[in-house]
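Participant: what follows is a predicted structure for the sequence shown.
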Amino acid sequence: MRFLVISDIHANLAAFEAVLADAKAEWDKIWFLGDLVGYGPDPNECVALLCEHEHISLSGNHDWAVLERLDLESFNGDARVAVTWTRSALTEESRAYLEQLPSNLICEHFTLAHASPRLPVWEYVIKPDIAATNFKYFETQYCLVGHTHLPIVFEQRSNGRATPYAPLYERVVPLPRTRLIINPGSVGQPRDHDPRAAYAILDVVNMTWEHRRVDYPIEVTQKKMRDIGMPHRLVDRIEHGW
Ligand code: ZN
């Protein structure tokens, strides 16, 4: 059984389509780690495309904000504009879909959380000390998270610390027997200065993981963003991957 592990699509349909085309027929089911909407111009189209495939899905902080479960004050100005636009653009059907998503769950002996196992909607697992603390908050060997938009793996050490390592792309890596927190990166708004869409293939029979990147027509998404009046900073950043 192989899973297409993706996170943070952020209503970027062109990026999502490129990932699906690149990974075609190499997986059985999608595991989506949250933030389906927010920032990008195609929230309803991304909900519909995800629903065309067998999948499980989590809810992220942007999804929560669009559903008015979070105060907009907790977002920066540009993100606030994006959330407000998304609220107005979202169909009843898309809203109903987002409403029923959990923010964390356990699947095939993997813990899945949008942000972190400790705070599934909020915490950024960027630094090793935050990762180290989070190993206490899940019981499975591996935990998959999104939210930071940074592909990374944190490995728990015997001294209780965590060691981060950057992904090896296009390489099928056996999952070590140590405990890991793994982030596949973001489909729709990568922030590691590589603008290509990020995703991963997880094989739970052979216990392997593969980080991948794929080009997509960024200008298609940018044009749509400009047309709906998204802030320039949000339009620019997807071209530079930050
Ligand atoms: Zn996000």
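Facilitator: Received, thanks. Numbering: from 1, shown residues only.

Participant: Three-state assignment for the residue of the chain positioned farthest from its centre, please.
Facilitator: No residue in the chain sits farther from the centre than Asn159, which is 29.5 Å out by CA atoms, centre = their mean. Local secondary structure at Asn159 is given as coil here, using DSSP: H, G, I helix; E, B strand; the rest coil.

Participant: which pLDDT value belongs to it?
Facilitator: Asn159 is assigned a pLDDT of 94 by the prediction.

Participant: same thing with Leu105?
Facilitator: At Leu105 the predicted local distance difference test score is 96.

Participant: next SSE downstream of the helix or strand hosting it?
Facilitator: In the assignment (DSSP states H and E), Leu105 maps to strand 104-107. Once strand 104-107 ends, the next helix or strand along the chain (criterion: DSSP H and E) is strand 110-113.

Participant: how about that next one, does it reach the ion?
Facilitator: No - with CB under 5 Å from the ion as the threshold, strand 110-113 lies outside contact range of the ion, at a closest distance of 13.0 Å. Every residue, glycine included, has its C-beta placed from N, CA and C.

Participant: what does that strand contact?
Facilitator: Contacting residues not belonging to strand 110-113 are listed as 31, 33, 56, 58, 103-106, 117, 120, 138-140, 142-145, 202, 204 [CB atoms under 8 Å, 6 or more residues apart in numbering].

Participant: before we move on, what about stretch 57-66?
Facilitator: 8, 10, 30, 32-39, 43, 50, 70, 72, 74-75, 79, 82-83, 86-87, 90, 95, 98, 101-105, 112-115, 120-122, 146-147.

Participant: pLDDT (mean, whole number) over it?
Facilitator: Rounded to a whole number, the mean pLDDT of stretch 57-66 is 96.

Participant: kindly check the end-to-end length of it for me.
Facilitator: The first and final residues of stretch 57-66 sit 16 Å from each other (CA to CA, to the nearest Å).

Participant: where exactly do the helices run in the protein?
Facilitator: Counting by DSSP state H, residue ranges of the helices within the chain are 13-22, 43-51, 61-66, 77-89, 92-99, 128-134, 218-227, 232-240.

Participant: which one of those helices lies closest to Arg191?
Facilitator: Between Arg191 and the helices of the chain, the shortest gap by CB to CB is with helix 232-240, which sits at 8.1 Å.

Participant: helices or strands up against the closest one?
Facilitator: helix 77-89, helix 218-227 (3 or more CB pairs under 8 Å, 6 or more residues apart in numbering; DSSP states H and E).

Participant: mean pLDDT lowest where, among these?
Facilitator: helix 77-89 (a mean of 95).

Participant: helices and strands around that one, which ones?
Facilitator: Where contact means 3+ CB pairs under 8 Å, 6+ apart, helix 77-89 is packed against helix 43-51, helix 61-66, helix 232-240.
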